[in-house]
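Student: This is the structure alone, sequence omitted:
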């Protein structure tokens with residue numbers, strides 16, 4: 001029995017088109033499906049011109065997630081949508097505005113929505129500081145329920161992994177300058193953000209109706225590692241000893257420069273996440289979608305050696 005087919009969108013809208021998933025996703029579609037009309041969204045005025053320079057054949061728009069008319073203008077007439085929301089925005093107004101905009105347009109064939117959910121977690125046990133920030137229920141679960149209640153044709157991509165590019169961004173200073181990996185000790189899978197981008201693009205370009213309504217958890221299918229194991233691999237690949245530092249004090253000191261006063265809360269979430277670490281399952285979903293073995297952490301480190309060392 002063959003799968004049920006859906007229409008392939010003739011136009012694709014990418015929210016967060018300047019970020020580490022949106023940009024490579026746009027590049028993939030531009031290269032592999034140039035007939036698709038691309039509309040790329042930045043929520044920041046300063047993000048518009050760089051997108052225009054990099055994607056001269058795409059339509060570039062600015063959208064305010066918290067302003068319904070702005071969202072309606074961004075979504076209007078689009079058939080495929082990748083929805084990504086900045087973490088600092090209140091999720092409920094954003095979700096309600098997006099749903100209203102999609103329903104008003106009435107043209108969406110397929111939506112891909114990113115989420116990040118720990119498998120099997122009990123929200124009641126989430127650190128109090130995070131619950132206070134997020135509300136009575138986990139935001140991504142509420143968002144998923146609202147999409148489903150409104151019959152939006154959505155595939156949910158659950159980022160069930162840590163992004164490898166965290167090592168060149170957030171953790172990069174300590175790796176380069178101190179030869180230290182300051183990283184939580186919990187066990188977690190890994191994935192290259194570029195391959196998430198490719199999966200998202202392939203989903204929208206697919207004619208398989210079966211992906212709509214699904215929640216797919218993404219990881220590279222091979223690396224499920226503790227912090228000290230990452231440091232060991234890093235030392236081998238970089239050819240220099242990278243000391244592993246996995247305590248709260250060092251983490252808070254290092255990451256306060258990125259997260260500010262929220263750094264202790266972030267550490268608390270990692271501790272919470274660690275209680276569910278045996279729930280992570282390495283998956284072949286990414287491999288099936290991109291048609292090749294996803295990049296291993298070792299390979300990614302080798303490819304990004306210069307960025308990690310200089």
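Tutor: Now that the structure is in, tell me what you want to look at. From a predicted model like this one, the values you see are computed outputs, not experimental measurements. Numbers count the residues shown, from 1 in each chain.
Student: For the protein, which residues score under the pLDDT cut-off?
Tutor: Applying pLDDT under 70 to the chain flags the ranges 1.
Student: And residue 203, how far from residue 60?
Tutor: 23 Å (CB to CB, to the nearest Å). Quick note: C-beta positions are derived from backbone N, CA and C, even for glycine.
Student: Strands of the stretch 201-310 of the chain, start to end?
Tutor: Under the criterion DSSP state E, counting those that start in this stretch, the stretch 201-310 of the chain contains strands at 215-218, 224-225, 243-245.
Student: Let me see the residues that make contact with the shortest one.
Tutor: Yep, that's strand 224-225 we're talking about. 187, 188, 189, 190, 233, 280, 282, 297 (CB atoms under 8 Å, 6 or more residues apart in numbering).
Student: I'd like the residues you listed written out as JSON lines, with neighbour count and distance to residue 14 added.
Tutor: Output for the contacts of strand 224-225, formatted as JSON lines (neighbours: other CB atoms under 10 Å; distance: CB to CB, whole Å):
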{"residue": "187", "neighbour count": "15", "distance to residue 14": "32"}
{"residue": "188", "neighbour count": "22", "distance to residue 14": "27"}
{"residue": "189", "neighbour count": "23", "distance to residue 14": "25"}
{"residue": "190", "neighbour count": "22", "distance to residue 14": "24"}
{"residue": "233", "neighbour count": "16", "distance to residue 14": "32"}
{"residue": "280", "neighbour count": "20", "distance to residue 14": "28"}
{"residue": "282", "neighbour count": "14", "distance to residue 14": "28"}
{"residue": "297", "neighbour count": "23", "distance to residue 14": "27"}
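Student: Now intersect those with the helices, please.
Tutor: Using DSSP state H, the subset of these located in helices is 233, 297.
Student: Can you pick out the most distant pair from the contacts of strand 224-225?
Tutor: The largest separation in those, counting by CB to CB, is between 233 and 280 at 17.9 Å.
Student: quick one: the strands in the stretch 51-200 of the chain?
Tutor: 59-62, 80-83, 110-115, 154-159, 162-163, 180-182, 188-191.
Student: Pick the most buried one from those.
Tutor: strand 80-83 (a mean of 28; mean count of other CB atoms under 10 Å).
Student: Quick check: which helices or strands does that strand pack against?
Tutor: strand 11-15, strand 110-115, helix 193-205 (3 or more CB pairs under 8 Å, 6 or more residues apart in numbering; DSSP states H and E).
Student: related to what we said a few turns ago, for the strands of the stretch 51-200 of the chain, which one sits closest to residue 74?
Tutor: Closest among the strands of the stretch 51-200 of the chain, using CB to CB: strand 59-62, at 5.6 Å.
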